[in-house]
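Novice: Based on what follows, work out the 3D shape:
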Amino acid sequence: MARAPGSQPSLREANSARIVEAVKAYGRITQVELASATGLSAATVSNIVKQLQDQGLVETSATTRSGRRAQLVSLATSTALAVGIHIGPRSLDLVIADATLEVRASKRLPLPPDHRSDTTLDRAAMLIADVADEVGASMDRIAGVGLALPSSVGMGRRRDAYQLPGWSEVDVHQLLEARIQRPVIVLKEADAGALAESRLGSLRGARNAIYVHASHDTEASLLFSGTVHGGLGGAAGALGHVQVDPSGRICACGARGCLTTRVSGEALAELVRMSHGPMDLRAIVRAARDGDPGCRQVVTDAASLIGIALADLATVLAPDRITFGGELTTIGEAFVTPLRHALSARPLLPSVDQLLVEPAFPMDGSARGALVALQDTIIPSPARSMEG
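Specialist: Prediction:
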């Protein structure tokens, strides 16, 4: 029988869920800080923490804050490990972590252009086993795998939106699960990057935020109340499909003049082909970092267009904070300065020094965020534990 919304058990379950979510968000937090973060009384927090500890969901340890004894609460440690993977057009990033999201090992594997889905998933499965062996774990200890992919739609949505050549209509979730015999979840790389920054990095504590992933393609992720907002069909945050050139080229989505047609890795390579010869995004980024004026110019121009689209989005959504990640953003000021100028030009936005923050994970954020998404999926809810 469903419990009445206002019943005492229902209220206790809701409060327990609030405490678990706060512990997930902050990692290690005192009971006093939990009371402040959740708005619950200190007595309520103390009682619920004890219940959660009895259920094996959290653990406590003694610490000091401002010279006073305090009780530190964290998620219960487990021998289980989780794997986060990000597969992009030219690389595969893998991280393996414990239940507290402490990374035990990480690997980056270069991939050939237009790599095939079957070959890449085979390599991913072998790499998972190799890295598990490196940390002294068998595959039985892997609780699951979170997989982030370039996509214009969110977790569990249309496969034909994968932005890797030849991967459309591939059931990545099913194929990887069959290879490793462990649970797999799939999400878009921008959402994964946003989760990493929100839970572990520069967006931590922000209620509403925007994360921009700029690499071979550019997409965004929207965080409302600390949670990724997928929107109808999971299409929220498709920044790469905002129109920036009404008379521009036709995009792969079928529309004309999308941001992607001007700032994708393919578009940037075309801009430098006459002066530099064939270059991929990795080579353009490397040359820009080394001071090549032509490559720095195309990056700056791309960042200016991204900044204009981002400023429009921020003016509508009024986020607390904005951050970014992806290969294109690692160039530094050649990318960041145009973003700052675009945001500064909007009077309704707060100070850009307050709004735009440096990412904690500019390159491996999507792999780390896949871990966060997996953890949110495999950690039992307080309500289920109480009912069991």
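Novice: And the strands in the stretch 1-150 of the chain?
Specialist: Using DSSP state E, counting those that start in this stretch, the strands of the stretch 1-150 of the chain run over 28-30, 58-65, 68-75, 81-87, 91-97, 103-110, 142-149.
Novice: The residue nearest to Arg249 when sequence neighbours are not counted and Glu270: what is the separation?
Specialist: Excluding the flanking residues, the one nearest Arg249 by C-beta to C-beta, 6 or more residues apart in numbering is Thr261, at 4.5 Å. Bear in mind the C-beta positions are built from the backbone N, C-alpha and C, glycine included. Separation of Thr261 from Glu270 (C-beta to C-beta, to the nearest Å) stands at 10 Å.
Novice: who's more crowded, those two?
Specialist: Applying other C-beta atoms under 10 Å to Thr261 and Glu270 shows that Thr261 carries more neighbours, namely 22 against 12.
Novice: before we move on, back to that, just the strands of the stretch 1-150 of the chain: most buried one?
Specialist: Mean neighbour count, computed with mean count of other C-beta atoms under 10 Å, is highest for strand 81-87 among those, reaching a mean of 27.
Novice: which helices and strands does it pack with?
Specialist: Helices and strands touching strand 81-87, by 3 or more C-beta pairs under 8 Å, 6 or more residues apart in numbering; DSSP states H and E, are strand 91-97, helix 117-134, strand 142-149, helix 189-200, helix 365-378.
Novice: Now do that strand against helix 117-134, angle only.
Specialist: If you take axes from the mean of the first three to the mean of the last three C-alpha atoms, to 10 degrees, strand 81-87 sits at 150 degrees to helix 117-134.
Novice: which residues sit against strand 81-87?
Specialist: The contact list for strand 81-87, computed with C-beta atoms under 8 Å, 6 or more residues apart in numbering, reads 92-99, 104, 111, 120, 124, 128, 131-132, 135, 137, 141-149, 164, 189, 192, 364, 366-372, 374-375, 378.
Novice: so what's the residue nearest to Pro110 when sequence neighbours are not counted up against?
Specialist: Spatial nearest neighbour of Pro110, excluding adjacent residues (C-beta to C-beta, 6+ apart): Ser91 at 5.7 Å. By C-beta under 8 Å, 6+ apart, the contact list for Ser91 reads Arg108, Leu109, Pro110, Leu111.
Novice: Among those, pick out the one closest to Lys50, please.
Specialist: Each of those was checked against Lys50 using C-beta to C-beta; the closest is Arg108, at 42.9 Å.
Novice: measure that closest one to Gly146 for me?
Specialist: Distance, Arg108 to Gly146, using C-beta to C-beta: 17 Å.
Novice: next one: Val20
Specialist: With the distance defined as C-beta to C-beta, Val20 ends up 19 Å from Gly146.
Novice: which residue ranges form the helices in the chain?
Specialist: In the chain, the helices defined using DSSP state H lie at 8-26, 31-38, 42-54, 117-134, 172-180, 189-200, 260-263, 265-276, 281-289, 293-317, 333-344, 352-355, 365-378, 382-387.
Novice: now the ones you listed in CSV, with mean pLDDT and distance to Arg69?
Specialist: What follows is the helices of the chain, written out as CSV (pLDDT from 0 to 100; distance: least, C-beta to C-beta, whole Å):
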stretch, mean pLDDT, distance to Arg69
helix 8-26, 79, 19
helix 31-38, 92, 11
helix 42-54, 91, 14
helix 117-134, 95, 39
helix 172-180, 94, 45
helix 189-200, 95, 27
helix 260-263, 96, 53
helix 265-276, 97, 54
helix 281-289, 96, 49
helix 293-317, 98, 42
helix 333-344, 97, 43
helix 352-355, 96, 35
helix 365-378, 91, 29
helix 382-387, 43, 26
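Novice: highest average neighbour count across those?
Specialist: helix 189-200 (a mean of 30).
Novice: between the strands of the stretch 1-150 of the chain, which one is nearest to Ile185?
Specialist: Nearest to Ile185 among those is strand 142-149; the distance by C-beta to C-beta comes to 5.4 Å.
Novice: Could you export that closest one as CSV, CA atoms only?
Specialist: Provided in CSV are the C-alpha atoms of strand 142-149 (Å, rounded to 0.1, in the frame of the first residue of the first chain):
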residue,chain,number,x,y,z
ILE,A,142,33.2,-4.1,-10.6
ALA,A,143,29.7,-2.9,-9.6
GLY,A,144,29.1,-1.4,-13.0
VAL,A,145,30.3,0.9,-15.8
GLY,A,146,29.2,4.4,-16.7
LEU,A,147,29.8,5.3,-20.3
ALA,A,148,29.8,8.9,-21.6
LEU,A,149,29.5,9.4,-25.4
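Novice: quick one, that strand and strand 91-97 angle?
Specialist: Using the same axes, to 10 degrees, strand 142-149 lies at 150 degrees relative to strand 91-97.
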